[in-house]
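> Okay, structure incoming, though there's no sequence with it:
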């Protein structure tokens, strides 16, 4: 009786040990970086040109379907033809957007275990900066510089996929939509912007550990 009981306990422990090993194999940390291309829309698109974005991110797979993580990003956008209409001088304008976001993702089943399509929502802090440097080239005007800044909470829903290149390395590709509402009255008065809309396509690599 005692021997049967002992064998039963060994079998149970073996089962749970195998289950936990499989769970932790699937539930790993991922850390990586990506580069993207942002394309401003609406009123913002009339003033700013598309430009690159850079992101570092970390994720924790809670299970096979859900991950949570954090990400930091920075984008560089230039001036559009909006700023070329003043013949009395020339403008040198740039736009920078930094962010610190929390992100939750849901992964879908697929025909290939190495291919992991997902949808996710990032939410958090965005820092907007618009620098304007005006150089006068005719009489009656003067040089000036200005910098407009604002810090807002915004959203970034996205869809994408991970593809396992190896046990440790994953390729990531995603399309996101960045939305930053309610810019300050100062920015609205100066440039007519009350919100920012930015689709972005990015690719990156993640390392599993």
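Received it, and whenever you're ready, just let me know what you need. Every value quoted in this text rests on a predicted model; they were computed, and no experiment measured them.
> What segments of this protein are strands?
Along the chain, counting by DSSP state E, strands occupy 29-38, 51-61, 66-78, 89-107, 115-136, 144-164, 169-180, 196-208.
> which stretches of this protein have low pLDDT?
The model of the chain has pLDDT under 70 over residues 1-27, 83, 85-87, 89, 139-140.
> how about 80 then?
1-27, 80-92, 134, 136-144 (pLDDT under 80).
> Quick one: end-to-end length of stretch 60-72, please.
Stretch 60-72 has its terminal residues 16 Å apart, counting by CA to CA, to the nearest Å.
> in that stretch, what's buried?
61, 67, 69, 71 (16 or more other CB atoms under 10 Å). Just so you know, the C-beta spots here come from the backbone N, C-alpha and C atoms, and that holds for glycine as well.
> what's the spacing between it and its chain's center?
Distance of stretch 60-72 from the chain centroid (CA atoms, centre = their mean, to the nearest Å) equals 14 Å.
> contact partners of it?
Here stretch 60-72 makes contact (CB atoms under 8 Å, 6 or more residues apart in numbering) with 23, 26-30, 55-59, 98-107, 122.
> Out of the strands of the chain, which is closest to residue 45?
strand 196-208 (7.9 Å; CB to CB).
> quick one: buried residues of the closest one?
Per 16+ other CB under 10 Å, strand 196-208 contains these buried residues: 196-200, 202, 204, 206, 208.
> partners of that strand in the sheet?
Sheet pairing of strand 196-208 (DSSP bridges) gives strand 29-38 (antiparallel), strand 169-180 (antiparallel).
> quick revisit: just the buried ones from the contacts of stretch 60-72, in PyMOL syntax?
The buried residues among the contacts of stretch 60-72 can be selected in PyMOL (16+ other CB under 10 Å) with this line:
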select buried, resi 30+55+57+58+59+99+101+103+105+107+122
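> With distance to residue 136 as new columns, can the strands paired with strand 196-208 be given to me in TSV?
Shown next, in TSV, are the strands paired with strand 196-208 (distance: least, CB to CB, whole Å):
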stretch	distance to residue 136
strand 29-38	31
strand 169-180	32
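> Identify whichever of those lies nearest to residue 154.
Across the strands paired with strand 196-208, the minimum distance to residue 154, taken as CB to CB, is reached by strand 169-180, at 3.8 Å.
> Tell me which of the strands of the chain sits nearest to residue 188.
Of all these, strand 144-164 comes closest under CB to CB, at 9.9 Å.
> Which neighbouring elements make contact with that closest one?
strand 89-107, strand 115-136, strand 169-180, helix 185-191 (3 or more CB pairs under 8 Å, 6 or more residues apart in numbering; DSSP states H and E).
> Strand partners (parallel or antiparallel) of that strand?
strand 115-136 (antiparallel), strand 169-180 (antiparallel).
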